[in-house]
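# just the structure for this:
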Amino acid sequence: MSYKIQDTDVDLLRKAGVSEDDIKHCVKVAEKALEIARRTGANVDMELVGRGALFHDLGKTKTHEIEHGKIGAEIGRDLGLPKSITDIMEKHIRGGLTEEEANELGLPVKDYSLKNLEERIVIYAGRLVDIIMDGIIPVKSELEAEERFVEILRNYPRYGKNEKTLNRYIGYHREIQGLMKQF
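Modelled structure (predicted):
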């Protein structure tokens with residue numbers, strides 16, 4: 001199944017008050033997530049991947065702090081977005097938190113772990129786009145960011161955050177790269 005980012009969804013981000021810089025990031029994450037999904041050859045819901053990635057930072061209309069995932073999901077529900085999309089918005093913080101981590105971060109205590117490949121592709125794409133677009137680590141290509149993903153996350157706490165987050169991201173990287181090699 002193919003899916004293309006819809007101009008009406010980008011307009012929805014604008015109307016909700018997302019900054020142009022954040023829209024640029026969201027579109028790039030959506031494009032990368034769709035590219036990754038195609039490269040895996042897996043049977044995934046491409047609309048969920050594309051829209052989940054596009055709306056993942058909707059909460060940045062209110063804050064760029066860690067609670068932007070929770071706030072974004074609330075805004076998404078008010079806009080009538082499907083639960084599968086608002087779930088991605090809420091769970092994308094640090095790649096899917098445990099209840100214990102949510103409690104430590106002052107978020108509502110619940111399981112934010114990722115339940116399907118679509119969610120993991122969006123979160124993986126988001127981290128790759130951060131590396132590619134931030135300009136902190138020189139990478140010559142998007143492929144180089146994928147090839148150096150583990151090394152970059154291990155050496156730059158900005159991307160790996162902490163041991164639990166690092167291990168989640170590395171797990172998603174290995175799973176998704178493994179699917180790509182089979183295809």
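
# and the residue nearest the centre of the protein?
residue 123 (3.1 Å; Cα atoms, centre = their mean).

# name the element that residue belongs to?
Residue 123 belongs to helix 117-134 when assigned by DSSP states H and E.

# now the strands for the protein?
Assigned strands in the chain: none (criterion: DSSP state E).

# what's the least confident helix or strand in it, going by average pLDDT?
Lowest on mean pLDDT, DSSP states H and E among the helices and strands of the chain sits helix 157-160, with a mean of 93.

# got the contact list for that one?
127, 130, 131, 134, 136, 152, 153, 154, 166, 169 (Cβ atoms under 8 Å, 6 or more residues apart in numbering). Just so you know, the C-beta spots here come from the backbone N, C-alpha and C atoms, and that holds for glycine as well.

# tell me the confidence at residue 105?
Residue 105 is assigned a predicted lDDT (pLDDT) of 94.

# would you map the helices across the chain?
Using DSSP state H, the helices found in the chain span residues 7-16, 20-40, 46-55, 68-79, 83-91, 99-104, 117-134, 142-147, 149-155, 157-160, 163-182.

# now stretch 132-152: buried residues?
Residues of stretch 132-152 classed as buried: 132, 137, 139, 145, 146, 149, 152 (neighbour count, 16 or more other Cβ atoms under 10 Å).

# and the closest residue to residue 120 other than its chain neighbours, how many neighbours?
Closest residue in space to residue 120, ignoring its immediate chain neighbours: residue 172 at 4.7 Å, by Cβ to Cβ, 6 or more residues apart in numbering. Neighbours of residue 172 under the rule other Cβ atoms under 10 Å: 23.

# could you measure from residue 172 over to residue 116?
Noted for residue 172: a distance of 12 Å to residue 116, by Cβ to Cβ, to the nearest Å.

# just to revisit the earlier point, out of the contacts of helix 157-160, who's the most crowded?
Highest neighbour count within the contacts of helix 157-160: residue 169, with 25 neighbours (other Cβ under 10 Å).

# how about low-confidence regions in this protein?
Residue ranges of the chain with pLDDT under 70: 1.

# now residue 5: how far from residue 85?
Between residue 5 and residue 85 the computed distance is 13 Å (Cβ to Cβ).

# could you do residue 168 as well?
For residue 168, the distance to residue 85 - Cβ to Cβ - is 21 Å.

# these two: who's more crowded?
residue 85 (25 against 21).

# isn't the more buried one right next to residue 51, touching?
Yes: counting by Cβ atoms under 8 Å, residue 85 touches residue 51, with 5.3 Å between them.

# how about the contacts made by residue 105?
Counting by Cβ under 8 Å, 6+ apart, residue 105 touches 66, 93, 97.
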